[in-house]
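Undergrad: here's my sequence, what's the structure:
(one chain, ligands or ions: 2)
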Amino acid sequence: TGSTRPQRLLRAVQKKATQGDPQSVIATIDDFCRHSEWAMNVGDEKGLILDSIVSEVNPSTALELGTYCGYSTVRIARLLPPGGRCITLEFNPAYAAVARQVIAWAGIQDKVQLVEGPSGDLIPQMKELFGVQTFDFVFLDHWKDRYLPDAKLLEECGLLREGTVLLADNVICPGTPEYLQYVRNSPRYESRYFKSHLEYTKVEDGLEKSVFLG
Ligand SMILES: CCCNc1ncnc2c1ncn2[C@@H]1O[C@H](/C=C/CNC(=O)c2cc(-c3ccc(F)cc3)cc(O)c2O)[C@H](C)[C@H]1O
Ligand SMILES: [Mg+2]
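TA: Residues are numbered from 1 along each chain as shown. Ligands and ions are numbered 1, 2, ... in the order given. Next up, the predicted model:
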């Protein structure tokens, strides 16, 4: 029973990154993925776009769908204002366990609530479980065929407000055609594509920023 890639990524963080320094955790993961083992983190190029949009929104309450190893959780949480928090959902316990340790190593665990379970079950419980009124920012990076149903579920649960920003990874590669068609054609969203590349490669990918209009 060998180690998994997420476990090897965590070992690299604990070996090479400075504890309590989110930037060094991010840099260590990017170096690991570029030079040792590719992993499906949003990465450094798309990560800069993520950073700029998170900084612009300056969210008090952010939601992330699909924690995986916690790379984008660290990117988002390190930019939150005082009192801001990021709720991140991960249904695979092994990935959640790795992500908790990555987030702790970065020293930003007080800004993060990692919840284990499927988004479809957890989103309807956000208000009662976490006292969430509405989200200011949502990062979609889980199974690509779940972006659309979960965006609709967030609407139905009253968790979006006028101005909430949805940011979706991988709208080109692997692609999320139904989600894209919806946010680009719905009168309830103002949508814009940020062209970039698939993490650590030259393959085209991009992020779609969609503002909920209420
Ligand atoms: C019903 C469950 C839904 N609810 C859920 N609720 C909670 N957690 C959920 C849910 N659905 C999934 N998750 C978790 O989120 C993570 C899943 C992440 C998925 N990401 C990709 O598939 C991807 C692929 C490539 C890629 C590109 C090119 C290639 F050649 C290969 C790969 C690149 C990328 O940037 C990518 O993000 C994690 C693994 C998984 O346990
Ligand atoms: Mg992704």
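Undergrad: mind listing what the residue nearest to P81 when sequence neighbours are not counted touches?
TA: With Cβ to Cβ, 6 or more residues apart in numbering as the criterion, P81 has its nearest non-adjacent residue at 5.6 Å, and that residue is N58. Glycine gets a C-beta too; all of them are placed from N, C-alpha and C. Contacts for N58 were tallied using Cβ atoms under 8 Å, 6 or more residues apart in numbering; they are P81, G84, D136.
Undergrad: are any of those buried, and which?
TA: The neighbour count (16 or more other Cβ atoms under 10 Å) marks G84, D136 as buried among the contacts of N58.
Undergrad: which of the three states applies to G2?
TA: What DSSP: H, G, I helix; E, B strand; the rest coil gives for G2 is coil.
Undergrad: can you count the residues close to the closest residue to ligand 2 within the chain?
TA: When scored by Cβ to the ion, the chain has D169 as its residue closest to ligand 2, at 3.7 Å. Residues near D169, counting by other Cβ atoms under 10 Å, number 31.
Undergrad: quickly note the distance from it to ligand 1.
TA: As judged by Cβ to the nearest ligand atom, to the nearest Å, D169 and ligand 1 stand 5 Å apart.
Undergrad: for the residue lying closest to R188 once chain neighbours are set aside, give me its contacts.
TA: In space, and not counting its chain neighbours, R188 is closest to L213: 5.4 Å by Cβ to Cβ, 6+ apart. With contact set as Cβ under 8 Å, 6+ apart, L213 has these partners: E162, P187, R188, Y189, E190.
Undergrad: for L213, grab phi and psi.
TA: When read as degrees, to the nearest 10, the backbone of L213 gives phi -100, psi 0.
Undergrad: now do the contacts for the nearest residue to V74 once chain neighbours are set aside.
TA: The spatial neighbour of V74 that comes closest, neighbours along the chain excluded (Cβ to Cβ, 6+ apart), is A106 at 4.7 Å. A106 is in contact with A17, G20, D21, P22, V25, V74, A77, R78, counting by Cβ under 8 Å, 6+ apart.
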